[in-house]
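Student: sequence-free structure coming up:
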């Protein structure tokens with residue numbers, strides 16, 4: 001019965017108000033940004049340059065509503081801000097965060113706590129988007145964004161990077177994640193099985209022509225391993241960077257693409273039995289993209305698989321699942337096998353209405369000689385369906401239903417539901 005109701009609700013949301021809000025999805029048009037200082041005739045080029053310089057994930061704001069054009073169009077600058085007010089009602093098992101719907105973080109509720117109402121303005125943000133020498137070979141872009149998160153709305157850096165001649169360096173999304181393949185969700189995390197993490201990175205992107213492009217990067221080393229065999233294994237400081245790369249083919253004016261990504265991720269730990277550091281090679285591959293099926297409908301997808309890449313998948317982040325110690329007394333750690341699958345549809349019938357539906361699944365497997373703790377995260381499912389309405393270029397209202405299910409290696413299952421509303425003001 002619950003599955004039937006879920007399917008009915010998802011289908012109703014998909015049909016009731018399908019659309020895509022241009023401002024939130026990074027589709028530049030002349031109504032998004034207004035030039036308040038400088039050459040107002042530069043608005044089309046300005047929007048194109050600032051949009052290219054901004055992060056491309058659908059729920060990222062990067063195009064300010066007002067901008068400044070420098071003398072002789074030698075630089076463009078926009079300072080933007082976004083208020084995200086959310087009201088969320090949960091029923092089922094406990095979901096700790098009001099802004100992040102994370103199946104792996106669920107816990108059983110205390111008696112009497114089967115429902116919860118929460119309000120938050122976390123993920124509200126401000127950003128600076130600057131492009132110097134636009135339209136030239138020496139074009140330089142800088143993007144900075146900070147958000148206010150947590151119970152006390154502390155400042156948190158989201159992006160801080162520079163771009164020059166295909167080179168990108170700084171703190172931003174991993175090159176392994178395909179920002180354009182993720183449908184919009186009011187939920188701040190989004191699909192649990194999608195690859196998404198923020199790291200210090202340097203990358204080089206090249207356009208090969210005829211729709212083909214590619215990139216390769218170097219990312220700061222990181223690891224999140226389970227300390228499930230004290231005295232036999234121990235995680236040590238990481239010292240070898242990860243190497244992500246991708247090859248992409250795009251068509252239909254950038255409205256469709258397919259991308260094949262890969263990552264090599266060496267992980268270091270200490271074998272206390274042998275008294276030596278070990279470096280197993282984590283690796284992952286991903287097929288992702290988006291396809292504009294027809295004018296109102298776009299299909300998003302990504303499939304990720306690998307060993308030792310759990311911390312790159314949304315629901316696995318911080319769960320200690322990159323590697324686990326063998327139960328044998330040999331001091332070895334084994335890389336966790338992980339797979340994430342996501343599919344979503346975005347419907348656009350007008351410039352004011354949008355609707356998105358998404359399903360995502362994430363699974364983790366261990367070898368036969370690994371005995372994870374009973375509460376360790378084994379797999380989870382994520383469903384989201386939303387309706388968004390752009391009253392004008394500043395004000396957006398939204399409504400979203402989220403469903404999450406998780407199961408641990410001990411066989412225990414949890415599930416919860418969320419209905420949340422959004423009030424978004426963008427400057």
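Tutor: Alright, I've got the coordinates. Note that the structure is a prediction, hence the values are computed from the model and not measured. Numbering: from 1, shown residues only.

Student: ok, residue 44 to residue 37 distance?
Tutor: 17 Å (Cβ to Cβ, to the nearest Å). C-betas here are computed from N, CA, C, even on glycine.

Student: Kindly report the same for residue 179.
Tutor: 30 Å.

Student: And these two? Which one has more around it.
Tutor: Comparing residue 179 with residue 37 by other Cβ atoms under 10 Å, the one with more neighbours is residue 179, at 17 against 11.

Student: Could you double-check that the more buried one sits in contact with residue 190?
Tutor: No: using Cβ atoms under 8 Å, residue 179 makes no contact with residue 190, being 10.9 Å away.

Student: isn't there a strand covering residue 47?
Tutor: No: counting by DSSP: H, G, I helix; E, B strand; the rest coil, residue 47 falls outside a strand, being helix.

Student: Can you report how many residues lie near it?
Tutor: Neighbour tally, residue 47, other Cβ under 10 Å: 21.

Student: for residue 35, same thing?
Tutor: Residue 35 has 18 nearby residues by other Cβ under 10 Å.

Student: name the helices or strands packed onto the one helix or strand it maps to?
Tutor: In this structure, residue 35 is located in strand 34-37 according to DSSP states H and E. Packing partners of strand 34-37 (3 or more Cβ pairs under 8 Å, 6 or more residues apart in numbering; DSSP states H and E): helix 43-53, strand 66-69.

Student: Among these, which comes closest to residue 140?
Tutor: helix 43-53 (9.6 Å; Cβ to Cβ).

Student: pLDDT weak spots in the chain?
Tutor: Along the chain, the parts satisfying pLDDT under 70 run over 1-31.

Student: Scan it for its longest strand.
Tutor: The residue-count maximum for a strand in the chain (DSSP state E) belongs to strand 75-92.

Student: how about residue 237, secondary structure?
Tutor: coil.

Student: returning to what we had before: out of the helices and strands packed on strand 34-37, flag the one nearest residue 146.
Tutor: It's helix 43-53; of these, that one is closest to residue 146 (Cβ to Cβ) at 16.7 Å.

Student: And the closest residue to residue 395 other than its chain neighbours, how far from residue 33?
Tutor: Of all residues not flanking residue 395 in the chain, residue 425 sits nearest, at 5.9 Å (Cβ to Cβ, 6 or more residues apart in numbering). Using Cβ to Cβ, we find residue 425 at a distance of 16 Å from residue 33.

Student: neighbour count winner among these two?
Tutor: Legend: neighbour count by other Cβ under 10 Å for residue 425 and residue 33, higher for residue 33 (25 against 13).

Student: quick one: that one from residue 87, how far?
Tutor: 29 Å.

Student: Also residue 397?
Tutor: Residue 397 is 11 Å from residue 87, by Cβ to Cβ.

Student: shared neighbours of those two, anything?
Tutor: Shared contacts of residue 397 and residue 87, defined by Cβ atoms under 8 Å, 6 or more residues apart in numbering, comprise residue 421.

Student: just to revisit the earlier point, right, and the helices and strands packed on strand 34-37 - which one's nearest residue 407?
Tutor: Ranking the helices and strands packed on strand 34-37 by proximity to residue 407 (Cβ to Cβ) places helix 43-53 first, at 40.8 Å.
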